[in-house]
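S.K.: Here is my input, please return the structure:
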Amino acid sequence: MKEVLSENNIKYMYVDICEGVGKLKSFLKVRDTAPEMQEVREQHRAGIPCLVVDDQVILVNGAEHMQQLIEQYQLKED
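M.R.: You can find the predicted model right below:
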């Protein structure tokens with residue numbers, strides 16, 4: 001996901017949830033409360049990688065899906 005964003009010159013903030021307990025807790029709060037993550041919770045999945053755009057949580061399913069999201073959310077600056 002990072003590679004696709006970087007290749008498209010998209011500004012983003014990467015959060016490594018393995019870097020510390022605080023970052024992991026922040027992610028788990030999002031995963032455990034976001035309606036968009038309901039299916040993830042039901043299937044006992046981790047929910048990563050995910051992208052947050054304008055407070056909307058989006059589960060990313062590979063590089064091709066990330067490219068589709070870039071176009072759908074018009075993340076590329078002209």
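S.K.: Quick one: list the elements packing against whichever strand or helix holds Ser26.
M.R.: Using DSSP states H and E, the element containing Ser26 is helix 21-33. Helix 21-33 sits against helix 38-42, strand 50-53, with contacts defined as 3 or more C-beta pairs under 8 Å, 6 or more residues apart in numbering; DSSP states H and E. For glycine as for every other residue, the C-beta is placed from the backbone atoms N, C-alpha and C.
S.K.: How about the longest one, which residues are buried there?
M.R.: Going back to what we said before, that points to helix 38-42. For helix 38-42, burial by neighbour count (16 or more other C-beta atoms under 10 Å) applies to Val40.
S.K.: Mind giving me the packing neighbours of that helix?
M.R.: When contacts are defined as 3+ C-beta pairs under 8 Å, 6+ apart, helix 38-42 sits against helix 21-33.
S.K.: Buried residues, the helix it packs on. List them.
M.R.: Under 16+ other C-beta under 10 Å, the buried positions of helix 21-33 are 27, 31.
S.K.: Which residues does that helix contact?
M.R.: 15-18, 37, 40-41, 46-48, 50, 52, 57 (C-beta atoms under 8 Å, 6 or more residues apart in numbering).
S.K.: Dump those residues into JSON lines; add distance to Ala63 and pLDDT as well.
M.R.: Below are the contacts of helix 21-33 laid out as JSON lines (distance: C-beta to C-beta, whole Å; pLDDT from 0 to 100):
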{"residue": "Val15", "distance to Ala63": "19", "pLDDT": "96"}
{"residue": "Asp16", "distance to Ala63": "19", "pLDDT": "97"}
{"residue": "Ile17", "distance to Ala63": "20", "pLDDT": "97"}
{"residue": "Cys18", "distance to Ala63": "21", "pLDDT": "97"}
{"residue": "Met37", "distance to Ala63": "21", "pLDDT": "97"}
{"residue": "Val40", "distance to Ala63": "20", "pLDDT": "96"}
{"residue": "Arg41", "distance to Ala63": "25", "pLDDT": "97"}
{"residue": "Ala46", "distance to Ala63": "18", "pLDDT": "96"}
{"residue": "Gly47", "distance to Ala63": "18", "pLDDT": "96"}
{"residue": "Ile48", "distance to Ala63": "15", "pLDDT": "95"}
{"residue": "Cys50", "distance to Ala63": "15", "pLDDT": "96"}
{"residue": "Val52", "distance to Ala63": "18", "pLDDT": "95"}
{"residue": "Val57", "distance to Ala63": "19", "pLDDT": "97"}
